[in-house]
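Chemist: curious how this folds, go ahead:
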Amino acid sequence: MDKSIRRRMNITVSVKGVKTWDTTVDATGYTIAELAEELDQQVKILEVMVMPQEDPPEGAPLPEEPAVAGTPDDVPW
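Modeler: Next comes the predicted model:
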């Protein structure tokens, strides 16, 4: 059986600036253990790309761009 895999990542930003994300993997020909490992990799990538939200120190200027530690080019697949 041929293996095929489809990965989806959705990152949203609320009107208050809170970032949330979800990830989905659809696969054929993979074991549950392989899928669990794939999801773990996706979670690690998203944790790097979507940095934790912290309130800036009092009086600190807000960044012009969202804080993103990685780009889609950094993804290993």
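Chemist: burial of the nearest residue to residue 3 once chain neighbours are set aside, as a residue count?
Modeler: What sits nearest to residue 3 in space, not counting adjacent residues and going by Cβ to Cβ, 6 or more residues apart in numbering, is residue 29, at 3.8 Å. C-beta: built from backbone N, CA, C; applies to glycine. By other Cβ atoms under 10 Å, 10 other residues sit near residue 29.
Chemist: just residue 45 next, same as before
Modeler: Residue 45 has 19 nearby residues by other Cβ under 10 Å.
Chemist: bridging across strands, which residues link to residue 11?
Modeler: Note on residue 11: beta-bridge partners by DSSP bridges are residue 21.
Chemist: what pLDDT does the residue nearest to residue 3 get?
Modeler: Looking at residue 29, its pLDDT is 92.
Chemist: and if you look at residue 59?
Modeler: You'll see residue 59 listed with a pLDDT of 68.
Chemist: which stretches of this structure form strands?
Modeler: For the chain, the strands defined by DSSP state E occupy 4-13, 19-28.
Chemist: let's have those in a markdown table, adding distance to residue 36 and mean neighbour count.
Modeler: Output for those, formatted as a markdown table (distance: least, Cβ to Cβ, whole Å; neighbours: other Cβ atoms under 10 Å):
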| stretch | distance to residue 36 | mean neighbour count |
| --- | --- | --- |
| strand 4-13 | 13 | 12 |
| strand 19-28 | 9 | 13 |
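Chemist: distance to residue 45 added to these, as JSON lines?
Modeler: Output for the strands of the chain, formatted as JSON lines (distance: least, Cβ to Cβ, whole Å):
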{"stretch": "strand 4-13", "distance to residue 45": "8"}
{"stretch": "strand 19-28", "distance to residue 45": "9"}
